[in-house]
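Q: Give me the fold of what follows.
(2 chains)
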There are 2 protein chains.
Amino acid sequence: MRVVVPFAAEDPKTRLSSVLDEAERSAFARVMLTDVIKALTATGHDPEVLATAPMDLDVPVVVDDRSLTPAVNAYLTDTTRPCAIVMADLPLVTPTALKGLFRAPGDIVIAPGRGGGTNAIVTRHPEFRVDYHGTSYLDHLAIAYRLGATVSEVDSHRLATDIDERSDLAEILVLGDARTRDWLADHGFELTVTDGRVTVTRP
Amino acid sequence: MRVVVPFAAEDPKTRLSSVLDEAERSAFARVMLTDVIKALTATGHDPEVLATAPMDLDVPVVVDDRSLTPAVNAYLTDTTRPCAIVMADLPLVTPTALKGLFRAPGDIVIAPGRGGGTNAIVTRHPEFRVDYHGTSYLDHLAIAYRLGATVSEVDSHRLATDIDERSDLAEILVLGDARTRDWLADHGFELTVTDGRVTVTRP
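A: Presented below is the predicted three-dimensional model:
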């Protein structure tokens, strides 16, 4: 199976602007990507990164400067092998969670993200194409249905937790055990509980 | 294994006040409880409800008007059998997800909730007691560590998704397939996507 991690090299994670400046957001996105690649490699796969610009990484980089959906679909068109597409902002993923994704049955396997997204998807159907706009989990179900493809869902909090907003950072401080957690701690982030809600502060 | 679902009968789900009035919040909490009980029963267990006031349900009700932590700990003190404590606001749970909880190894099994909570916990250690305040997932790890108890974590988005706030309702509309989803649809809730964020509206 081919395994690819899309990565937007420029101005990543803009919804974290209130707590991280632009250089920090770039560094943070890179350390999350590194954790995802490490977990994927530990499953025995050889991940590639599909980046919007050239990057210096220990794994192969395919450059495509288009937005997520057309870039991934071009990648899918170029191969006849089954493919897994795993988002780069999943710093809680473990090899165990990823193995659950890879071994799930079906033409299409989806790990939904919180908020209706598609955080990881496996396609074993040559005609399947992605559409990451909006509630892509529902859109991908509909695309699979139109192809007559079988679908299974992977139920994993670690795969469901993509990091977009400040409140998401708390998940990393609670459950993370990889480099991204250390990066946040090194940059002063701490858990705070207010009115029963958990968030992060940066004193 | 004893299986118990704590339920606060009075003024539940106050953080949903912006979209549901008090009577609706009561009804909504009840329908979530019904879905959780149904999923638990489908696993072959006989769940009990630990309620703050008498309730008319198809399963046994233990009444304890204290707050969550002392009520659960009294329940744990009264038994020598392994116990599972499953929160009532988990309308996405499926029998499959719950079976993963029940069969996980360890003296203590924790299904963390988003935000550092403990959405479900199994204790097979007679001295283990709960502490649901704050980031209870971390507190429960510490309590288990002090007892020398072994711990395992259950990685499930369906178990991790407790329903407290408006944005949580979107998860039900995306992934739910039980009565709670129908209740929200019947009460006019719809998915909305704005700036890449998924939420619900009630036109």
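Q: Only the buried residues of the helix or strand bottoming out on mean pLDDT in chain A, if you could.
A: The weakest-scoring helix or strand in chain A, judged by mean pLDDT, DSSP states H and E, is strand A:197-201 (a mean of 88). Neighbour-count burial for strand A:197-201, counted by 16 or more other Cβ atoms under 10 Å in any protein chain shown, picks out A:198, A:199, A:200. From N, CA and C alone the C-beta is placed, and that goes for glycine too.
Q: ok, so of these, who is nearest chain B?
A: Taking Cβ to the nearest Cβ as the measure, residue A:198 is the one of the buried residues of strand A:197-201 closest to chain B, at 4.3 Å.
Q: wait, isn't residue A:8 in contact with residue A:52?
A: Yes - counting by Cβ atoms under 8 Å, residue A:52 is a contact partner of residue A:8 at 5.4 Å.
Q: Contact residues of chain A facing chain B?
A: A:94, A:96-97, A:112, A:114-117, A:134-135, A:137-138, A:155-161, A:164, A:167, A:170-171, A:174-175, A:191, A:193, A:196-198 (Cβ under 8 Å from any Cβ of the partner chain).
Q: if you look at those, which of them are in strands?
A: The strands in this structure, assigned by DSSP state E, contain A:112, A:191, A:193, A:197, A:198 from the residues of chain A next to chain B.
Q: Spatially, which two of those are the most separated?
A: Maximum pairwise distance among those (Cβ to Cβ): 27.2 Å, between A:112 and A:193.
Q: check contacts around the nearest residue to residue A:160 once chain neighbours are set aside.
A: Among residues not flanking residue A:160 along the chain, residue B:157 sits closest, at 3.8 Å (Cβ to Cβ, 6 or more residues apart in numbering or on different chains). Listed by Cβ atoms under 8 Å, 6 or more residues apart in numbering or on different chains, the contact set of residue B:157 reads A:112, A:114, A:155, A:156, A:157, A:159, A:160, B:92, B:175.
Q: Against residue B:190, how distant is residue B:157?
A: Distance, residue B:157 to residue B:190, by Cβ to Cβ, to the nearest Å: 22 Å.
Q: Nearest to the middle of chain A, which residue? Look it up for me.
A: When Cα atoms, centre = their mean is applied to chain A, the residue found nearest the centroid is residue A:87 (1.9 Å).
Q: per-residue confidence at that residue?
A: Note on residue A:87: pLDDT of 98.
Q: one step back: comparing residue A:112 and residue A:193, which shows the higher neighbour count?
A: Set residue A:112 next to residue A:193 and count neighbours by other Cβ atoms under 10 Å in any protein chain shown: residue A:112 wins out with 28 against 14.
Q: how about the strands in chain A?
A: Under the criterion DSSP E, strands of chain A are mapped to A:2-7, A:48-51, A:61-63, A:83-86, A:108-112, A:118-123, A:151-153, A:190-194, A:197-201.
Q: Rebuild those strands as JSON lines, extending it with distance to residue B:77.
A: Shown next, in JSON lines, are the strands of chain A (distance: least, Cβ to Cβ, whole Å):
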{"stretch": "strand A:2-7", "distance to residue B:77": "49"}
{"stretch": "strand A:48-51", "distance to residue B:77": "53"}
{"stretch": "strand A:61-63", "distance to residue B:77": "58"}
{"stretch": "strand A:83-86", "distance to residue B:77": "45"}
{"stretch": "strand A:108-112", "distance to residue B:77": "39"}
{"stretch": "strand A:118-123", "distance to residue B:77": "41"}
{"stretch": "strand A:151-153", "distance to residue B:77": "39"}
{"stretch": "strand A:190-194", "distance to residue B:77": "27"}
{"stretch": "strand A:197-201", "distance to residue B:77": "28"}
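Q: so how far is residue A:110 from the residue nearest to residue A:180 when sequence neighbours are not counted?
A: Leaving aside its sequence neighbours, residue A:180 sits nearest to residue A:91 (Cβ to Cβ, 6+ apart; 3.6 Å). With the distance defined as Cβ to Cβ, residue A:91 ends up 20 Å from residue A:110.
Q: Comparing the two, which residue is more hemmed in?
A: Shown here are residue A:91 and residue A:110; by other Cβ under 10 Å, residue A:91 has more neighbours (30 against 24).
Q: Please report how far that one lies from residue A:22.
A: To residue A:22, residue A:91 is 19 Å away according to Cβ to Cβ.
Q: Residue A:140 too?
A: In terms of Cβ to Cβ, residue A:140 sits 32 Å off from residue A:22.
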